[in-house]
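Participant: Got a predicted structure here, sequence first:
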Amino acid sequence: MNTLRTIGDIVNRKTEAWIAKFEEKLQRIRDQIDVKIKPGTTATSFIFYEGEFLIGGTDGTLGKLIYEDYGFEMPKNLKKFKDGDTGLSIEAFVAEPADNFFTQMTEAELPGLLERFKEPLYQGILAIKNNRIINVFRENWNYGPYLVDKAVDDLIAQMKNLQL
């Protein structure tokens, strides 16, 4: 029994240490953000899955980076979905599109989404027209601490290349 408690204590300490290190990293990123976002510039985080756009919320790591740290605004028609995980039809999604997209597609899904965006329905969307689409691979973002660490690095690198 003592051995199990000791192993649990070790795991908890390692988890707490990683969280503290990750929070420090996020704070360093916040302190160094040099991308200037014009007031009123909108962004939407989403996954396209089985014919619906699943909207990302404002409270997760990605949402906080997009909306709090970078200063993007969520489009007005999507603010009611700020808790995330809401599915929208294609028509509802394109009704008030964002200036910037942050997609969370897997490496296998991304080419299909980009191909879909070539359809006439999407061509008037500023994020698509101006090539302001950043993808953070879902397989990195949601599946463990070390992959999240890499995903944040990838997001920051892509943001530096984004012309706003």
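Facilitator: Everything's here; your move.

Participant: only C-alpha atoms for contact and neighbour calcs from this point on.
Facilitator: Will do.

Participant: any chance you could map the strands in the chain?
Facilitator: Listed in chain order, the strands found in the chain under DSSP state E are 43-49, 52-55, 86-88, 100-103, 133-135.

Participant: remind me which residues of the protein are low pLDDT?
Facilitator: 1-5, 7-12, 18-19, 22, 26, 28-35, 85, 140-149, 151, 160-164 (pLDDT under 70).

Participant: Show me where it has its helices.
Facilitator: Secondary structure of the chain (DSSP state H): helices located at 2-32, 61-63, 90-95, 110-116, 126-129, 138-141, 145-161.

Participant: rewinding a little: any chance of JSON lines for the strands of the chain, columns distance to Tyr67 and mean neighbour count?
Facilitator: Output for the strands of the chain, formatted as JSON lines (distance: least, C-alpha to C-alpha, whole Å; neighbours: other C-alpha atoms under 10 Å):
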{"stretch": "strand 43-49", "distance to Tyr67": "8", "mean neighbour count": "21"}
{"stretch": "strand 52-55", "distance to Tyr67": "14", "mean neighbour count": "20"}
{"stretch": "strand 86-88", "distance to Tyr67": "18", "mean neighbour count": "17"}
{"stretch": "strand 100-103", "distance to Tyr67": "11", "mean neighbour count": "22"}
{"stretch": "strand 133-135", "distance to Tyr67": "14", "mean neighbour count": "21"}
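
Participant: Output the ones you listed in JSON lines, with distance to Thr6 appended to each entry.
Facilitator: Output for those, formatted as JSON lines (distance: least, C-alpha to C-alpha, whole Å):
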{"stretch": "strand 43-49", "distance to Thr6": "40"}
{"stretch": "strand 52-55", "distance to Thr6": "41"}
{"stretch": "strand 86-88", "distance to Thr6": "41"}
{"stretch": "strand 100-103", "distance to Thr6": "41"}
{"stretch": "strand 133-135", "distance to Thr6": "40"}
